[in-house]
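[1] Got a sequence here, can you model it:
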Amino acid sequence: MRFLLSNDDGVQAPGLAAMAEVLATLGQVTVVAPDMERSAFSSALTLDRPLRVHRLSNGFLSVNGTPADCVHLALNGLLEDMPDIIVSGINAGANLGDDVIYSGTVAAAMEGRFLGRPSIAVSLVAERAKSLGIEAYRPAAQQIGRLLQSWSGLNLPPRTVLNINVPDGDLASHKGVRLTRLGHRDRGEDVLRLKDPRGNTVYWIGASGEPLDHAEGTDFHAIRQGFVSVTPLDSDMTRYGVMDVVGDWLQAATRPAT
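    Next up is the predicted model:
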């Protein structure tokens, strides 16, 4: 298999290195990742400046852009051979519930699916994940390697991405793998209003909200129980369940006055 590996934590991130190690045992790996951390960039593409690619001493390709830029660039002219699978991660921290809306990790996978390649997004659910070294990410990488060995048995529909969250800890501590749906978070904490050294008002975005919907069957619940969570995501954001409600409203709203 040929893999394209990207992330949103940057080309030097330990999670990326751990995932590259495991993928190399399964096939050919090409790494195209942002030159710096680009967390929470969602599906942003860089349209106001050119993108530059640099090859690092380990063979990884570094791009001065977003996660979506990296995958878009790789599949639209950078790579000579198209990958069979796109892997994004391993992200430093969870991408559970509403996190997927903002996640650069998920966005890189989504960009691959938009362009016709099956994709997965992988995250390590660990406290202070950004300060952890490569050893902390190896169990998650090994879990993904196990799943990818059976990849040929999965026929994903078009525009579907697997969002995979792996609990912290060694393989022996993981209780198994569960198919899940997205849970939901409560609203985030208030924005912090502060003063910079010159007395100017500045703002920090507050922390994410606590899980609000974390019932059995959700990704939150699976992780809390020690299971790897696998959630299929669809890039079609149409809310089909309210089509009739909105249709009735439009019909009434546009009815000629009598």
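[2] Adjacent strands (with direction) for the helix or strand Ile86 falls within?
    Using DSSP states H and E, Ile86 maps to strand 85-92. With DSSP bridges as the test, strand 85-92 is paired with strand 2-6 (parallel), strand 119-125 (parallel).
[3] Can you tell me what sits against the helix or strand of the chain with the lowest mean pLDDT?
    In the chain, the helix or strand scored least confidently by mean pLDDT, DSSP states H and E is strand 211-213, which has a mean of 78. Strand 211-213 has contacts (C-beta atoms under 8 Å, 6 or more residues apart in numbering) with Leu96, Gly97, Gly183, His184, Arg185, Asp186, Phe220. For the C-beta atoms, the positions are set from N, CA and C on the backbone; glycine is no exception.
[4] Can you flag the buried ones in the residues you listed?
    Burial by neighbour count, 16 or more other C-beta atoms under 10 Å: within those this picks out Leu96, Gly97, Gly183, Arg185, Phe220.
[5] Show me those that map onto helices.
    Assigned to helices by DSSP state H, the following of the buried ones among the contacts of strand 211-213 qualify: Phe220.
[6] Return the item of the buried ones among the contacts of strand 211-213 having minimum pLDDT.
    Lowest pLDDT within those is found at Arg185 (88).
[7] okay but Leu56 is in contact with Val11, surely?
    Yes: between Leu56 and Val11 a contact is recorded at 6.7 Å, counting by C-beta atoms under 8 Å.
[8] Are there residues contacting both of those two? Which ones?
    Residues touching both Leu56 and Val11 (C-beta under 8 Å, 6+ apart) are Ser62.
[9] Redo the contacts of strand 211-213 as TSV? Include distance to Val177.
    Formatted as TSV, the contacts of strand 211-213 follow (distance: C-beta to C-beta, whole Å):
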residue	distance to Val177
Leu96	15
Gly97	18
Gly183	17
His184	22
Arg185	23
Asp186	27
Phe220	16
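[10] Please compute how far the helix or strand that the strand holding Ile86 is followed by lies from its chain's middle.
    Per DSSP H and E, the first helix or strand lying C-terminal to strand 85-92 is helix 99-102. Once both centres are worked out by C-alpha atoms, centre = their mean, to the nearest Å, helix 99-102 turns out to sit 8 Å from its chain's centre.
[11] relative orientation of the next helix or strand after helix 99-102 and strand 85-92 in degrees?
    Later in the chain than helix 99-102, the nearest helix or strand by DSSP H and E is helix 104-114. Helix 104-114 runs at 170 degrees relative to strand 85-92, counting by axes from the mean of the first three to the mean of the last three C-alpha atoms, to 10 degrees.
[12] which helices and strands does helix 104-114 pack with?
    helix 67-73, strand 85-92, strand 119-125, strand 160-167 (3 or more C-beta pairs under 8 Å, 6 or more residues apart in numbering; DSSP states H and E).
[13] Using TSV, please lay out those together with distance to Leu4 and mean pLDDT.
    Formatted as TSV, the helices and strands packed on helix 104-114 follow (distance: least, C-beta to C-beta, whole Å; pLDDT from 0 to 100):
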stretch	distance to Leu4	mean pLDDT
helix 67-73	7	97
strand 85-92	5	97
strand 119-125	9	97
strand 160-167	14	97
